[in-house]
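Peer 1: Compute the structure for the input listed below.
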Amino acid sequence: MASADDYIPLIPSENRDKSKFLAMVTLVTGCFADAANAIRSIEHGLDIDSAQGAQLDILGLWIGLPRTLNVPFNVFFSFDTDNLGFDQGSWKGPYDPVSGVMTMDDGTYRIMLKAKIGANNWDGTMPSYLSILAEAFTGTGVTITANDNQDMTMDVYLSAKPSAILTAILLAGYLPLKPEGVKQTIHIPT
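Peer 2: Below you'll find the model as predicted:
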């Protein structure tokens, strides 16, 4: 972090004992140091791995993927439903419907944004497809394999079940990485 104190040692010895000069240098350089620190915080805030909330929304605008999707889902926390218990289901917000428009949480949105970035730069090959998905799902405990059936269909296999929201999004076909004209079937373990 830059500060005005970084510039005081640069003052020539003839002026170091002048208190008004030191105060003026501290005041002027403090403005520039504060501006430099603010610019550095913006850069860190818009890093896809560390961005949160509104910062991810800004990244979503740049990348071209909204935070809200129209998905049929049953992803809310429940004591009586398998795979929707603690750390599996999402808490239902006061305005979240049971089906329809769903707002993704930061973790799910980050995965989808990384997949969209990869889709925007994809060369269409199977190895790059797998590396894009591996990058998008980093840290989730899910690894992905895919099989090109050579008949305009492909099967995508997940090694573990992701969150209930991500499962609903994947099954609804919102994964932004898919060859055009190819039917993609996603297999998620139960």
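Peer 1: I'd like to know how many residues surround the closest residue to residue 124 other than its chain neighbours.
Peer 2: Leaving aside its sequence neighbours, residue 124 sits nearest to residue 179 (C-beta to C-beta, 6 or more residues apart in numbering; 6.7 Å). To be clear about C-beta, it is placed using only N, CA and C from the backbone, and glycine gets the same treatment. By other C-beta atoms under 10 Å, the residues close to residue 179 number 15.
Peer 1: And residue 128, by the same measure?
Peer 2: By the measure other C-beta under 10 Å, the count of residues near residue 128 is 14.
Peer 1: In the chain, where's the longest helix?
Peer 2: The single longest helix within the chain, with elements called by DSSP state H, is helix 19-45.
Peer 1: where along this structure do the helices fall?
Peer 2: Using DSSP H, helices in the chain cover 19-45, 54-63, 106-120, 126-136, 164-171.
Peer 1: if I pick the residue most central in space within the chain, what's in contact with it?
Peer 2: What sits nearest the mean C-alpha location of the chain, by C-alpha atoms, centre = their mean, is residue 110, with 2.1 Å. By C-beta atoms under 8 Å, 6 or more residues apart in numbering, the residues touching residue 110 are 48-49, 51, 56.
Peer 1: For residue 33, see how far away it is.
Peer 2: Distance, residue 110 to residue 33, by C-beta to C-beta, to the nearest Å: 32 Å.
Peer 1: Could you tell me which of the contacts of residue 110 count as buried?
Peer 2: Applying 16 or more other C-beta atoms under 10 Å to the contacts of residue 110, the neighbour count classes 51, 56 as buried.
Peer 1: of all the contacts of residue 110, which comes closest to residue 120?
Peer 2: Using C-beta to C-beta, residue 48 comes nearest to residue 120 of those, at 13.0 Å.
Peer 1: Please report how far residue 135 lies from residue 25.
Peer 2: From residue 135 across to residue 25, the span is 47 Å (C-beta to C-beta).
Peer 1: okay, those two: which has more neighbours?
Peer 2: Set residue 135 next to residue 25 and count neighbours by other C-beta under 10 Å: residue 25 wins out with 17 against 13.
Peer 1: can you tell me which two in the contacts of residue 110 are farthest apart?
Peer 2: 49 and 56 (10.7 Å).
Peer 1: That concludes my questions; thank you for your assistance.
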